[in-house]
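In: turn this into a model:
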Amino acid sequence: MRVLVADPAAGSRLSLVVTLKGFDAGIEVIETSEGRETLEALTGKRPDIAFVNVHMDGVSGAEALAISRHQGVRPLTILMADGVMKHWVDLSVELDAYEFLKKPIDADHVTALLKNHRRMRQPLRLLLVDHADTARATVRKIFERSRFSFEIDETDAGRHALKLLQLTSYDLALFDMNLKGMDGLETACQAREVAPDTKLLIMSVSPATTLPGALKHFGVEALLEKPFYIRDVEKVFHKIYGLRRPYLMNALTPETEAKARVAALR
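Out: Prediction:
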């Protein structure tokens, strides 16, 4: 794993490096102290994770991230600042950041972020079940653009899904509620028997208020209400896998959520 630590304060960089190496001694750490150097490290080294202070000399940390992002560099980005900025959520959304941290940085929080990244990098085998070709294509695109890694198989019918679940070890199965023939809830109920180790999810348009309770009864992990987006998927998987949710994810309002959807697609 390659991690960029970009901060003008040597003490702050050292503290982060100690935490990173304590988590995994094999991490390759790149340190920078000013904006132009940070931009060169982002575009030249292409780190997996970037801890970047938004305030740096010359080119700001935020500008370095924006420029590199336009060049296709998209590390898991953690913004840092000496205090909470007035528009920190908007800036984070604009840069498609994963988290925003106020200094001094809490080592336990950094460790949690590293654990999250490790989980995101581990491919999850997903079975996608929806009778509509266009719907499956849309859902596949959303999942493939999330921060989590997926290997996706597809089918358009519940009975075929059950056969696949018997033959293949899937981490997850996602059923549309309105499958033709055997509906999504019935399929999930039978899937619980044939694949007890597979995590089950349901997607539905405007679900009834009683549906979430029924899903829990049948062992379904989560409900994705259509239309859903990348950040909706990421929220669900943070919950399913017991990952610490970023402050940023908790701070998003409906307005900033809409901006985040646009930023994630750029």
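In: R245 is in contact with A112, correct?
Out: No: here A112 lies out of contact with R245, judged by C-beta atoms under 8 Å, at a distance of 9.6 Å. Where C-beta positions appear, they are placed from N, C-alpha and C, glycine not excepted.
In: okay, E257: pLDDT?
Out: Listed pLDDT for E257 reads 62.
In: brain fart, V205
Out: 85.
In: what sits closest to it if chain neighbours are left out?
Out: Sequence neighbours aside, K226 is the residue nearest to V205 in space, at 4.6 Å (criterion: C-beta to C-beta, 6 or more residues apart in numbering).
In: would you confirm that the one you found contacts S204?
Out: Yes: in this structure, K226 is within contact of S204 by C-beta under 8 Å, at 6.6 Å.
In: and the residue of the chain most remote from its centre, how far is that from V139?
Out: Distance from the C-alpha centroid of the chain, by C-alpha atoms, centre = their mean, peaks at G181 (33.2 Å). Shown here: G181 relative to V139, a distance of 20 Å by C-beta to C-beta, to the nearest Å.
In: check P123 too.
Out: The gap separating P123 from V139 is 17 Å, by C-beta to C-beta.
In: and the two? which has more neighbours close in?
Out: Of the pair P123 and V139, V139 is the one with more neighbours under other C-beta atoms under 10 Å, namely 25 against 11.
In: OK, contacts around that one?
Out: Counting by C-beta atoms under 8 Å, 6 or more residues apart in numbering, V139 touches 128, 130, 174, 203.
In: coming back round to it: now do the SS call for the residue farthest from the centre of the chain.
Out: Secondary structure, DSSP: H, G, I helix; E, B strand; the rest coil: G181 is coil.
In: who does the residue lying closest to G83 once chain neighbours are set aside form a beta bridge with?
Out: Of all residues not flanking G83 in the chain, K102 sits nearest, at 6.1 Å (C-beta to C-beta, 6+ apart). With DSSP bridges applied, K102 shows beta-bridge pairing to A81.
In: residue contacts, K102?
Out: With contacts defined as C-beta under 8 Å, 6+ apart, the neighbours of K102 are 80-84.
In: in PyMOL, select just the buried ones from the residues you listed.
Out: Buried members of those, defined by 16 or more other C-beta atoms under 10 Å, are picked up in PyMOL with:
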select buried, resi 80+81
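In: in stretch 17-31, what counts as buried?
Out: Under 16+ other C-beta under 10 Å, the buried positions of stretch 17-31 are 17, 19-20, 23, 27, 29-31.
In: could you dump the residues you listed into TSV with pLDDT and distance to L215 added?
Out: Listed next are those as TSV, based on pLDDT from 0 to 100; distance: C-beta to C-beta, whole Å:
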residue	pLDDT	distance to L215
V17	98	44
T19	98	39
L20	98	39
F23	97	36
I27	97	39
V29	98	43
I30	98	45
E31	98	47
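In: want to throw the residues you listed into CSV with secondary structure and distance to G61?
Out: Formatted as CSV, these follow (DSSP: H, G, I helix; E, B strand; the rest coil; distance: C-beta to C-beta, whole Å):
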residue, secondary structure, distance to G61
V17, helix, 17
T19, helix, 19
L20, helix, 18
F23, helix, 22
I27, coil, 20
V29, strand, 17
I30, strand, 14
E31, strand, 13
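In: roughly how far does the residue most central in space within the chain sit from R2?
Out: The centroid of the chain falls nearest to R147 when counting by C-alpha atoms, centre = their mean (3.7 Å). Between R147 and R2 the distance is 17 Å, computed by C-beta to C-beta.
In: how about R13?
Out: From R13 over to R2 (counting by C-beta to C-beta), the distance is 16 Å.
In: between the two, which one's more packed in?
Out: R13 (19 against 15).
In: could you export the strand or helix carrying the more buried one as CSV, CA atoms only?
Out: Per DSSP states H and E: R13 is located in helix 10-23. Output of helix 10-23 as CSV, limited to C-alpha atoms (Å, rounded to 0.1, in the frame of the first residue of the first chain):
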residue,chain,number,x,y,z
ALA,A,10,6.8,18.0,10.4
GLY,A,11,5.4,16.9,13.8
SER,A,12,2.0,16.1,12.2
ARG,A,13,3.6,14.1,9.4
LEU,A,14,5.7,12.1,11.9
SER,A,15,2.6,11.3,14.0
LEU,A,16,0.8,10.0,11.0
VAL,A,17,3.7,8.0,9.8
VAL,A,18,4.1,6.3,13.2
THR,A,19,0.4,5.4,13.1
LEU,A,20,0.6,4.1,9.5
LYS,A,21,3.7,2.0,10.2
GLY,A,22,2.1,0.7,13.4
PHE,A,23,-0.8,-0.5,11.4
